[in-house]
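Q: Sequence first, predicted coordinates after that:
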Amino acid sequence: MERGPLPQWENDTCVVCPAQVLGPGRFDVVDRPGPQYAYSPAAGWRIGPDGQPVCVHPFRVGMPPGSYASAGDPLPEPAEGRPAPTQAALELPTELDDLEGWLVATLRVAPPDGLFAAVARAEREAGERFAPGAVVRALRRVLSVELANR
């Protein structure tokens, strides 16, 4: 019997993540977004070079990078807690589609007493690259989940 998506993935992953629809093992997980993992409007998620569904935020899906769908890598044991973002995830993205992932990464590494400063810094940095309205929408979506999970 194939498993569907894990319940927490609805809030923890991007709206264009294959984890929104597919269960563990039915998509690959890579360390970060990149041009080789383009979003496919027809599929509704990013696809890899061989056509496999790909999640580009391991810290959001809660699984380490692996070729689970394309090469049959064994699934990891469920992790306790939320994985920490990598240094690469903390680099401001060039694509608006990746802004939420960056915001999540930025907030997850912020200490509790530095959260407000991290939000202000993230809003300022993102506003230099993206339209203010898009930044505010992304912040609202991210904060509603990240603050509830702290």
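A: Thanks, I have the structure now. Numbering: from 1, shown residues only.
Q: ok now do residue 14, which residues does it touch?
A: By C-beta atoms under 8 Å, 6 or more residues apart in numbering, the residues touching residue 14 are 20, 57, 60, 97, 100, 101. In this view, the C-beta of every residue, glycine as well, is placed from N, C-alpha and C.
Q: Throw those residues into CSV and include pLDDT and secondary structure, thanks.
A: Output for those, formatted as CSV (pLDDT from 0 to 100; DSSP: H, G, I helix; E, B strand; the rest coil):
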residue, pLDDT, secondary structure
20, 95, helix
57, 92, coil
60, 91, helix
97, 86, helix
100, 92, helix
101, 91, helix
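Q: Need the buried ones from the residues you listed selected in ChimeraX.
A: If you want just the buried ones from those in ChimeraX, going by 16 or more other C-beta atoms under 10 Å, the selection is:
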select :57,60,97,100,101
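Q: Show me which of the contacts of residue 14 is closest to residue 45.
A: Residue 45 lies nearest to residue 20 out of the contacts of residue 14, by C-beta to C-beta, at 7.6 Å.
Q: Contacts only, for the most centrally placed residue in the chain.
A: Nearest residue to the geometric centre of the chain (C-alpha atoms, centre = their mean): residue 57, 3.6 Å. Shown in contact with residue 57 (C-beta under 8 Å, 6+ apart): 13, 14, 17, 32, 33, 85, 89, 101, 104, 105.
Q: Likewise for residue 127?
A: When the contact criterion is C-beta under 8 Å, 6+ apart, the partners of residue 127 are residue 135.
Q: Neighbours of residue 62, how many?
A: Per other C-beta atoms under 10 Å, the neighbour tally for residue 62 reads 23.
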